[in-house]
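> have a look at this prediction, sequence included:
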Amino acid sequence: MVGELTWQKRLLGLWLPLAGFLVVALFPFTWMAATSLKTNAELYDPKAMPLAIKHPSLVHYIDLLRETNFLVWVANTMLVAAIATAISLLLGAMLAYPLARMRFRGGALLAIAVAVTYLIPQTLLFVPMADLIGRMHLGNTLTAVMLTYPTLLVPFIAWLLMGYFKTVPKELEEQAMIDGASRWRAMTRIILPLCLPGFLSAGIFAFTLSQNEFLYALLFLSKSSVRTIPIGVVGELIRGDAFYWGQLMAGALLGSIPVALIYSFFVKYYVAGLTAGAVKG
Amino acid sequence: MSKILEASRAGALSAPAHRPFRLGAFMERESVFSWLMLTPPLLFLLAFLGYPFIYGVYLSFFHKEVARAASFVGFGNFVKLYNDPIFWQAVRNTIIFTGVATIFKASGGLAMALVMNQSFKMKSVTRAALLLPFIVPTVLSTVAWQWILDPGMGLFNRLLVVSGLATTGPSWLGNPTMAMISIIMVNTWRGLPFFGISILAGLQTIPVDLHESATIDGAGTWGRFRYVTLPSLMPVILIVTVFSIVITFFDFQLVYVLTGGGPANSTHLMATYAYSLSMGAGQMGLGSAVALSMVPVLGLLLVALTLFVRKD
């Protein structure tokens, strides 16, 4: 009797809602996969069951790789994301370290200023940014986005790293300096290695956000050879009113896989970083 | 001459003899070390964040079209917007979009967290799967949604037809009301995991004995949720909500890809309207004015939220 009740409770309280959340979260990806594997004849057959695939075919993937610059976009996206992440981590750490661990005039005010900059929206900046990039003659270069993405990433990374830096006891650094180490040495040899998980989660954030970025890429990268995946897929597989759904879904799925892989390897750090601000701060 | 004498009498000239300047020691001072490190990132942010920001504010007071000289119009752009029905529609849409989507995401995220907080097998795989919508590049999943919502061949309407529930499905992105519902739905789908995972982390910090003592005091499942879980979660929910409001309010890609602001400007958000004015119509001054108007509107929204929470 009691066992039966718990079983029912578990079904209603856990399995059914969990299944519901999973279906909602995953069905768009299933639909993407199903679409990308169908031939056009099957895809546009009004009588076919939408999620079933009768004659699986890789034709859309082959067309995507042969007829578009997809692989170039992948390479561009990775390069841009890697460099923007590296710049952002470096600048973010240079900003966060003194703000979290040193006492100096104006430090507290500056920390608040960094938090506020994070709230300056991209939509407020894109018009002048386009003007600035134009005057620097950086239009249609990957440099344009490598320089502008860090503006979106640095304040956030600095804020995240400040949290991590603060968790290391100040005595560690003082001890090292009493033993004769310089500030620089204490920082690079003692504190930074301890904050590696912080750098990892900040890095994953920056990397995925760079792959995700759309507005600056849309503004600055109009030539196919310099496009990133989101801009390439939307810009070249939708031509006017014509949607190449098979290729679009193949591209969307292939473009999602690297990000999904990266984060499933680091999901622990990703979640830790995601919740660091919400729970600690 | 007398000045030098005075200075030397005051000891200024002889000072180096007592305390020689050493670069190493100077660099070891906390303030010097700090500012040396802070200067490069601050210069970068000033050039690529500060300058565009100030220039954006400046532009909003000018009539500026692409490739033409700017002419000062004072508050002219804002007066123009005040009399522009599409602007007010965009303001209304932005508030509805942000408000409704945030309520859905927060309540759905709370439910997701409560479900995920139980112990079951394959938990980390499930968590990874539930986070996917939040991880995948927004534009790519939005394109998939555009295909799901396609009136003829899209998944939703095909399922309606195949299952015999309807002969034709609604035009999801084709009429103003449905299009608004659709963009809210897609935003909710994408943002829900962020709430879910953050609230889950909050749940795991609630001490077990709080629940135990509530049970001893006679509280049932609902009572424990109402008087223990929810109050302990409030700080987390509030922070995540504010964070999400800010992000949702400035959302651009979702509407740009799904509807482009249509049909007939009915789903323009302030961000997409700013974009279409400045980049589509080449009215950079006017577009900047729309972008700038977002700040006070967002401020009011956040103040309203704070007041609402206080009253509660």
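Nice, I can see it. Numbers count the residues shown, from 1 in each chain, chains lettered A, B, ... in the order given.

> got a list of what A:Ala48 touches?
A:42, A:54 (C-beta atoms under 8 Å, 6 or more residues apart in numbering or on different chains). Any C-beta I mention is one placed from the backbone N, CA and C, and that applies to glycine too.

> distance check, it against B:Arg158.
As judged by C-beta to C-beta, to the nearest Å, A:Ala48 and B:Arg158 stand 8 Å apart.

> check A:Tyr269 too.
From A:Tyr269 to B:Arg158 the distance is 40 Å (C-beta to C-beta).

> give the rounded mean pLDDT of the helix ranked longest in chain A.
Scanning chain A for the helix with the most residues, using DSSP state H, yields helix A:70-101. In this model, helix A:70-101 has a mean pLDDT of 95.

> report the rounded mean pLDDT for whichever helix or strand comes after that helix.
For helix A:70-101, the following helix or strand on the C-terminal side (DSSP states H and E) is helix A:107-118. The average of the pLDDT scores along helix A:107-118 is 86.

> say whether chain B is contacted by helix A:107-118.
Yes: applying C-beta under 8 Å from any C-beta of the partner chain, one finds helix A:107-118 touching chain B at A:107, A:110, A:117.

> any idea how far that helix is from the middle of the chain?
With C-alpha atoms, centre = their mean, to the nearest Å as the basis, helix A:107-118 stands 23 Å off its chain's centre.

> what's the answer for stretch B:298-312, then?
16 Å.

> so the most centrally placed residue in chain A is in which element?
Nearest residue to the geometric centre of chain A (C-alpha atoms, centre = their mean): A:Thr208, 1.7 Å. Secondary structure assignment for A:Thr208, by DSSP H and E: helix A:196-212.

> next, count neighbours for the residue lying closest to A:Val234 once chain neighbours are set aside.
Computed as C-beta to C-beta, 6 or more residues apart in numbering or on different chains, the closest residue to A:Val234 that is not its neighbour in sequence is B:Val139, at 5.7 Å. Burial of B:Val139 is recorded as 25 neighbouring residues (other C-beta atoms under 10 Å in any protein chain shown).

> in stretch B:139-153, what counts as buried?
B:139-150, B:153 (16 or more other C-beta atoms under 10 Å in any protein chain shown).

> reformat the residues you listed as a markdown table; add distance to A:Thr30.
What follows is those, written out as a markdown table (distance: C-beta to C-beta, whole Å):
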| residue | distance to A:Thr30 |
| --- | --- |
| B:Val139 | 19 |
| B:Leu140 | 15 |
| B:Ser141 | 13 |
| B:Thr142 | 17 |
| B:Val143 | 15 |
| B:Ala144 | 10 |
| B:Trp145 | 13 |
| B:Gln146 | 16 |
| B:Trp147 | 12 |
| B:Ile148 | 10 |
| B:Leu149 | 16 |
| B:Asp150 | 16 |
| B:Met153 | 16 |
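
> now, which of those lie within helices?
B:139-148.

> so where do the strands sit in chain A?
A:238-239, A:242-243 (DSSP state E).

> nope, chain B is what I meant
Under DSSP E, chain B gives strands at B:62-63, B:71-72.

> which of those strands sits closest to chain A?
strand B:62-63 (11.4 Å; C-beta to the nearest C-beta).

> walk me through which strands that closest one pairs with, and which way each runs.
Within its sheet, strand B:62-63 is paired with strand B:71-72 (antiparallel), according to DSSP bridges.

> and stretch B:115-134, how far out from the chain's middle?
Per C-alpha atoms, centre = their mean, the centroid offset for stretch B:115-134 relative to its chain is 24 Å.

> hang on, I meant stretch B:181-194
For stretch B:181-194, the distance to the chain centre is 13 Å (C-alpha atoms, centre = their mean).

> report the two of the buried residues of stretch B:139-153 separated the most.
Taking C-beta to C-beta, the two most distant members of these are B:Val139 and B:Met153; they sit 20.8 Å apart.

> reformat the ones in helices among the buried residues of stretch B:139-153 as TSV; add distance to B:Leu258.
Output for those, formatted as TSV (distance: C-beta to C-beta, whole Å):
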residue	distance to B:Leu258
B:Val139	10
B:Leu140	13
B:Ser141	11
B:Thr142	6
B:Val143	9
B:Ala144	11
B:Trp145	7
B:Gln146	6
B:Trp147	11
B:Ile148	11
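
> closest one to A:Thr35 out of those, please.
Out of these, the member with the shortest distance to A:Thr35 (by C-beta to C-beta) is B:Trp147, at 6.7 Å.

> quick one: contacts for the closest one?
Taking C-beta under 8 Å, 6+ apart, one finds A:31-32, A:35, A:243, A:245, A:248-249, B:154-155 in contact with B:Trp147.

> need those residues in TSV (columns: distance to A:Thr188, pLDDT and neighbour count).
Below are the contacts of B:Trp147 laid out as TSV (distance: C-beta to C-beta, whole Å; pLDDT from 0 to 100; neighbours: other C-beta atoms under 10 Å in any protein chain shown):
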residue	distance to A:Thr188	pLDDT	neighbour count
A:Trp31	49	94	21
A:Met32	45	94	26
A:Thr35	50	93	26
A:Phe243	52	85	16
A:Trp245	52	92	25
A:Leu248	47	94	25
A:Met249	47	95	28
B:Gly154	55	89	21
B:Leu155	53	91	21
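
> now those residues as JSON lines including distance to A:Ala100?
Putting these into JSON lines (distance: C-beta to C-beta, whole Å) gives the following:
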{"residue": "A:Trp31", "distance to A:Ala100": "45"}
{"residue": "A:Met32", "distance to A:Ala100": "42"}
{"residue": "A:Thr35", "distance to A:Ala100": "48"}
{"residue": "A:Phe243", "distance to A:Ala100": "49"}
{"residue": "A:Trp245", "distance to A:Ala100": "49"}
{"residue": "A:Leu248", "distance to A:Ala100": "45"}
{"residue": "A:Met249", "distance to A:Ala100": "45"}
{"residue": "B:Gly154", "distance to A:Ala100": "49"}
{"residue": "B:Leu155", "distance to A:Ala100": "48"}
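
> of those residues, which belong to helices?
Members of the contacts of B:Trp147 lying in helices (criterion: DSSP H): A:31-32, A:35, A:245, A:248-249, B:155.

> out of those, flag the one nearest to B:Val125.
A:Met32 (20.0 Å).

> was I right about the closest one contacting B:Ala144?
Yes: the criterion here is C-beta atoms under 8 Å, and A:Met32 meets it with B:Ala144 at 4.9 Å.

> between the two, which contacts overlap?
Counting by C-beta under 8 Å, 6+ apart, the shared contacts of A:Met32 and B:Ala144 are A:249, A:252.

> before we move on, the earlier item: show me what counts as buried in the helix holding A:Thr208.
Neighbour counts over helix A:196-212 (16+ other C-beta under 10 Å) mark A:198-212 as buried.
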